[in-house]
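Peer 1: Need a 3D model of the sequence below.
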Amino acid sequence: MLNYIAGKRILYQEKEIKIMSATLTITLPPRMKADLDKMARKTHLRKGDLVRGAIGRLVARQQFQAIREELAAEAQQKGIYTDEDIFKMVS
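Peer 2: Numbers count the residues shown, from 1 in each chain. Okay, the predicted model is just below:
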């Protein structure tokens with residue numbers, strides 16, 4: 001059971017676990033930096049949290065797209081091109 005999170009340490013079942021992290025330095029255009037600052041103030045989130053969330057969503061979307069393309073190729077080899085083709089198979 002997760003007892004609490006403090007900084008980059010987690011107390012889990014009375015054992016302290018350090019979370020591994022890496023630092024990435026990026027350069028933003030001034031307008032993008034201003035937008036990020038504004039969003040951080042408005043949402044009360046840290047800029048790093050906003051950037052990590054955006055990167056996480058981008059990576060997840062690209063991974064999903066890669067899996068989708070792979071599965072679509074397999075489906076087409078089996079003659080499945082549309083949702084109707086799938087419906088006919090399961091009906």
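Peer 1: in this protein, which helix or strand is least confident?
Peer 2: Of all regular secondary-structure elements in the chain, judged by mean pLDDT, DSSP states H and E, the least confident is strand 2-6 with a mean of 42.
Peer 1: Just give me the longest helix of the protein.
Peer 2: Looking across the chain with DSSP state H, the single longest helix is helix 47-77.
Peer 1: so how far is that one from its chain's centroid?
Peer 2: Its chain's average C-alpha position is 8 Å from that of helix 47-77, according to CA atoms, centre = their mean, to the nearest Å.
Peer 1: next helix or strand past it?
Peer 2: Of the helices and strands lying after helix 47-77 in sequence (DSSP states H and E), the nearest is helix 83-90.
Peer 1: and the angle for that following helix with helix 47-77?
Peer 2: Using axes from the mean of the first three to the mean of the last three CA atoms, to 10 degrees, the interaxial angle of helix 83-90 with respect to helix 47-77 works out to 60 degrees.
Peer 1: avg pLDDT for helix 83-90?
Peer 2: Confidence over helix 83-90, taken as the mean pLDDT, stands at 85.
Peer 1: Over to stretch 61-74?
Peer 2: Per-residue pLDDT values over stretch 61-74 give a mean of 91.
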